[in-house]
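A.B. asks: Structure of the sequence below:
(one chain, ligands or ions: 2)
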Amino acid sequence: MNKCWCLLKEKTANNVHKAFVEEAKAYQRLLMYAQKAEEEDLPQIAHLFRAVAKAESIHARRHFALLEAIADTQTNLERAFQKEKAVNGVYYPEMIKQAEEDGEEAAALVFSQARDVEAQHAKLYKKALDHFIAQRSTEYYVCSVCGYTVEREPPEKCPICGAAKIKFEKVV
Ligand SMILES: [Fe+2]
Ligand SMILES: [Fe+2]
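C.D. replies: Numbers count the residues shown, from 1 in each chain. Ligands and ions are numbered 1, 2, ... in the order given. Have a look, this model is predicted:
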């Protein structure tokens with residue numbers, strides 16, 4: 001199956017997609033390794049993991065650029081909105097159902113919370129699309145446990161995962 005709308009031949013397109021996924025995974029994995037190294041009081045190793053993670057993220061972006069041309073911001077907002085609607089309305093619900101059938105409670109919970117967060121993302125994009133011209137400035141905060149994303153100021157308690165206000169990180 002050709003996974004992109006680009007002009008690459010099918011097998012190469014699939015390889016580029018695979019390479020993108022692996023590099024994106026490596027980026028996240030290495031940042032988690034770096035965090036662990038810090039917890040173990042090994043800052044130099046954490047530094048090394050972060051350096052390689054940065055390089056893997058450059059690879060991931062280069063691969064992605066082969067798969068998808070980045071359009072103008074109005075188009076990107078629309079695409080981002082459609083993606084959130086699809087993951088919220090179709091992909092996560094299917095994955096939750098499967099996890100429940102398999103008795104995989106942890107996966108079902110993480111998927112459910114992600115699904116609910118994606119709904120919020122879709123709302124934020126919709127708002128941006130509707131007020132695109134106005135461009136009023138606002139702060140964003142993200143729950144570091146589940147990813148719940150909120151405007152202006154963090155709630156006392158995350159409505160998705162129940163994390164305390166202190167767990168919200170301001171987006172800079
Ligand atoms: Fe999202
Ligand atoms: Fe949360």
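
A.B. asks: Give me the most central residue, this structure.
C.D. replies: For the chain, Gly147 is the residue whose C-alpha lies nearest the centre (CA atoms, centre = their mean; 8.5 Å).

A.B. asks: Does that one belong to a helix, a strand or coil?
C.D. replies: coil (DSSP: H, G, I helix; E, B strand; the rest coil).

A.B. asks: who touches it in this structure?
C.D. replies: Gln113, Ala114, Val117 (CB atoms under 8 Å, 6 or more residues apart in numbering). Using the backbone N, CA and C atoms, a C-beta is placed for each residue, glycine as well.

A.B. asks: Do a quick rundown of the helices in this protein.
C.D. replies: For the chain, the helices defined by DSSP state H occupy 10-39, 43-67, 73-86, 92-101, 105-130.

A.B. asks: right, and the ones you listed - which one's nearest ligand 2?
C.D. replies: Closest to ligand 2 of the helices of the chain is helix 105-130 (CB to the ion; 7.0 Å).

A.B. asks: on that earlier part again, can you list the helices of the chain in CSV and add mean neighbour count, mean pLDDT and distance to ligand 2?
C.D. replies: Listed next are the helices of the chain as CSV, based on neighbours: other CB atoms under 10 Å; pLDDT from 0 to 100; distance: least, CB to the ion, whole Å:
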stretch, mean neighbour count, mean pLDDT, distance to ligand 2
helix 10-39, 16, 97, 18
helix 43-67, 15, 97, 24
helix 73-86, 14, 94, 17
helix 92-101, 15, 98, 16
helix 105-130, 16, 95, 7
